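Novice: Got a predicted structure plus its sequence, pasted below:
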Amino acid sequence: MSVLKVENLSASYRKNKVLYDVNFDVQPGSLTGIVGPNGAGKSTLIKVILGLHPSLSGNVSFFDSTLAKTKSRVGYVPQRGSVDWDFPTNALDVVLMGLYGKVGWFKWPSKQDKELAMESLAQMGMADYADRQISQLSGGQQQRVFLARALVQNADLYFMDEPLVGVDAATETAIMTTLKHLKSAGKTVMVVHHDLLTVEDYFDHVMLLNKTIVGYGKTKDIFTKENVQRTYGGTLRWMKEA
């Protein structure tokens, strides 16, 4: 069974076509980096797949069904810059929001819910900051809290939009360790990523995207000089050159 199947997907922003004829099929237990130049449609692709931005055409299926029927199995971490970090709430409450799909918006979280949220914070090294207002956290700490919110959902498929942007080295290591643990547990993770130098170390699958799919598959097969230069318009120096 496919975890995610995308067929003939197209989308636009203000009459500018940003995605066209996108087709791919994701199998379970993979950790995929989505890479491409600025304006390639990487974030838009995730938003269209999740129904957060309209498509012009195409079909998307989750676990051979619809998103509406499988929403509890899908987790999403948006770009940190798109979040209102001045909202008056603490780290624990942010993580508990990840359980509202199961608990319900109008029920108080139970003791067990709070324990699950604390476990997710601890997994990201943020348990000591549970009562801290999110506006008082550093960028890296905020990203760890947001990832903890996704983890508490215990989803089967995760989308993460540039989770490593603007974080320190320790946070980057912690995030990638967590993502690799998710993969080892049979989860599927798709990550918008910007650093070509770490693609081979971080991801077993890679998607090269520039408004359409240039290549998608196992990193060792797809992440080649020729494919990367095709994705970036042939202007990018190959990083393996001395």
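Specialist: Nice, thanks for sending it over.
Novice: Mind jotting down where the strands sit in the protein?
Specialist: Using DSSP state E, the strands of the chain run over residues 4-13, 16-26, 31-35, 57-62, 74-77, 157-161, 188-192, 205-209, 213-218.
Novice: so who does residue 167 touch?
Specialist: Contact analysis of residue 167 by CB atoms under 8 Å, 6 or more residues apart in numbering lists 139-140, 143, 175. For the C-beta atoms, the positions are set from N, CA and C on the backbone; glycine is no exception.
Novice: Would you check that residue 50 makes contact with residue 67?
Specialist: Yes: between residue 50 and residue 67 there is a contact under CB atoms under 8 Å: 6.9 Å.
Novice: anything in contact with each of the two?
Specialist: Contacts common to residue 50 and residue 67, judged by CB under 8 Å, 6+ apart, are residue 74.
Novice: Compare the strands of the chain and give me the one nearest residue 118.
Specialist: Nearest to residue 118 among the strands of the chain is strand 74-77; the distance by CB to CB comes to 18.2 Å.
Novice: pLDDT of stretch 226-236, averaged?
Specialist: Averaged across stretch 226-236, the pLDDT comes to 83.
Novice: where's that stretch relative to the chain centroid, distance-wise?
Specialist: Relative to its chain's centre, stretch 226-236 lies at 24 Å (CA atoms, centre = their mean, to the nearest Å).
Novice: now do stretch 120-129
Specialist: Worked out by CA atoms, centre = their mean, stretch 120-129 lies 20 Å from the chain centre.
Novice: next one: stretch 151-164
Specialist: What separates the centre of stretch 151-164 from the centre of its chain is 5 Å, taken as CA atoms, centre = their mean.
Novice: same question, stretch 201-208
Specialist: For stretch 201-208, the distance to the chain centre is 13 Å (CA atoms, centre = their mean).
Novice: got a list of contacts for it?
Specialist: 24, 30-36, 176, 179, 183, 190-191, 193, 199, 213-219, 222-223, 227-228, 230-231.
Novice: low-scoring stretches of the chain, by residue?
Specialist: Where the chain drops to pLDDT under 70, the residues are 81-85, 100-109, 234-242.
Novice: Repeat the analysis, applying 50 as the threshold.
Specialist: For the chain, applying pLDDT under 50 flags the ranges 103-106, 242.
Novice: where exactly do the helices run in it?
Specialist: 42-49, 67-70, 91-96, 100-103, 111-123, 139-152, 169-184, 199-202, 219-222, 225-231 (DSSP state H).
Novice: which one of these lies closest to residue 162?
Specialist: With distances scored as CB to CB, the stretch of the helices of the chain nearest to residue 162 is helix 42-49 (7.6 Å).
Novice: Quick one: neighbours of residue 75, just the number.
Specialist: Residues lying near residue 75 (other CB atoms under 10 Å) number 24.
Novice: Redo the strands of the chain as a markdown table? Include distance to residue 135.
Specialist: Converted to a markdown table, these look like this (distance: least, CB to CB, whole Å):
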| stretch | distance to residue 135 |
| --- | --- |
| strand 4-13 | 30 |
| strand 16-26 | 32 |
| strand 31-35 | 30 |
| strand 57-62 | 34 |
| strand 74-77 | 19 |
| strand 157-161 | 21 |
| strand 188-192 | 25 |
| strand 205-209 | 34 |
| strand 213-218 | 38 |
